[in-house]
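Visitor: next comes the sequence, and after it the predicted model I'd like to discuss.
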Amino acid sequence: MRDTLRALAVDDEEPALEELVYLLGEDPRIGTVVPALDAAGALRRLERARDAGPDAPEAVDVVFLDIDMPGLGGLDLAQLLGGFPAPPLIVFVTAHEDFALRAFDLKAVDYLLKPLRRERFAEAVRRVAELTRARTPDGPGREPGGTPGDQVPVELGGVTRFVPIADITYVEAHGDYARLHTPHGSHLVRIPLSALEEQWRSRGFVRIHRSRLVALGRIEELRLDGGNLTVRIGDRVLAVSRRNARELRDLLTRRARGTVDRPR
């Protein structure tokens, strides 16, 4: 198993690319760094690496990728890489906060905001190194908690934690933010509830109120009292709006009969 990572850095702004290459070169876990000033050139480089095989000098373990670039953008490139038989890991490096949910839907390992902080950057490299070891045949095996797309990154005091979506019991809206509740605590993330509803519908999350989503499989009790419908999740009792009551009942009935998909 190799001791260092092979990285491709992609940014259309030369000063930003130089900084990214410098930070990667300073990290002892990174062995080689190849720069690219546009996503189209990066794609050609990655196609050559794919054709050469994982043990070739051209191989790439991880792409540190800007999002907002002319022509082919970072999200477009990540989507194309998803069709590779063994795609490199992806870390987005961007000045924009608004694409985080799409980025992790594309199974990004991390999402770094400019200006870059050394501690935060080092955390991203650490995670890439761990995932690379887990993917290697003689590595320790799959990392606990699932693949990057099965987790949500949350920041607290400059430290990023990755919360498994399977641990989330319900979600509450807080303006442009959402609070994710788990049996072990809650986390505030900059993702609108409407975006989570769309992205997590296939994972068994359903809206029960204009400001709340719940994991269908976490509902322990459905209660009708005086015309008001509530659900119980652990020690929390949550109100169900009249607008969402019928859909919720239908989903719970279908789930009990085994005719609705379980969350992944």
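Guide: Yes, it's here.
Visitor: could you use CA atoms for every contact and neighbour count after this?
Guide: Fine.
Visitor: can you map out the helices along the stretch 151-264 of the chain?
Guide: 193-200, 242-257 (DSSP state H, counting those that start in this stretch).
Visitor: residue 211 is nearest to which of those helices?
Guide: Among the helices of the stretch 151-264 of the chain, helix 193-200 comes nearest to residue 211, with 7.4 Å by C-alpha to C-alpha.
Visitor: mind listing what's buried along that closest one?
Guide: For helix 193-200, a neighbour-count test (16 or more other C-alpha atoms under 10 Å) marks 193, 194, 196, 197, 200 as buried.
Visitor: with stretch 50-60 instead?
Guide: Using 16+ other C-alpha under 10 Å as the test for burial, stretch 50-60 gives 50, 58, 59, 60.
Visitor: now swap in stretch 67-79 and tell me
Guide: By neighbour count on 16+ other C-alpha under 10 Å, the buried set for stretch 67-79 is 67, 68, 69, 73, 74, 75, 77, 78.
Visitor: please name the nearest non-neighbouring residue to the fourth one.
Guide: This points to residue 73. residue 67 (5.7 Å; C-alpha to C-alpha, 6 or more residues apart in numbering).
Visitor: quick one: the one you found is in a strand?
Guide: No - applying DSSP: H, G, I helix; E, B strand; the rest coil, one finds residue 67 to be coil, outside a strand.
Visitor: my guess is it contacts residue 93. True?
Guide: Yes - the criterion here is C-alpha atoms under 8 Å, and residue 67 meets it with residue 93 at 7.1 Å.
Visitor: thinking again about what came up before, could I get the helices of the stretch 151-264 of the chain as JSON lines with mean pLDDT and distance to residue 41?
Guide: Below are those laid out as JSON lines (pLDDT from 0 to 100; distance: least, C-alpha to C-alpha, whole Å):
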{"stretch": "helix 193-200", "mean pLDDT": "87", "distance to residue 41": "31"}
{"stretch": "helix 242-257", "mean pLDDT": "86", "distance to residue 41": "47"}
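Visitor: residue 87 is nearest to which of those helices?
Guide: Nearest to residue 87, of the helices of the stretch 151-264 of the chain and by C-alpha to C-alpha, is helix 193-200 at 22.3 Å.
Visitor: off-centre distance for the closest one?
Guide: Taking C-alpha atoms, centre = their mean, to the nearest Å, one finds the center of helix 193-200 at 13 Å from the center of the full chain.
Visitor: what is it packed up against?
Guide: Other helices and strands packing on helix 193-200, by 3 or more C-alpha pairs under 8 Å, 6 or more residues apart in numbering; DSSP states H and E, are strand 170-174, strand 205-209, strand 212-215.
Visitor: of the buried residues of stretch 50-60, which is the nearest to residue 12?
Guide: Ranked by distance to residue 12 (C-alpha to C-alpha), the buried residues of stretch 50-60 are led by residue 60 at 19.3 Å.
Visitor: with adjacent residues omitted, what lies nearest to that closest one?
Guide: Spatial nearest neighbour of residue 60, excluding adjacent residues (C-alpha to C-alpha, 6+ apart): residue 6 at 5.1 Å.
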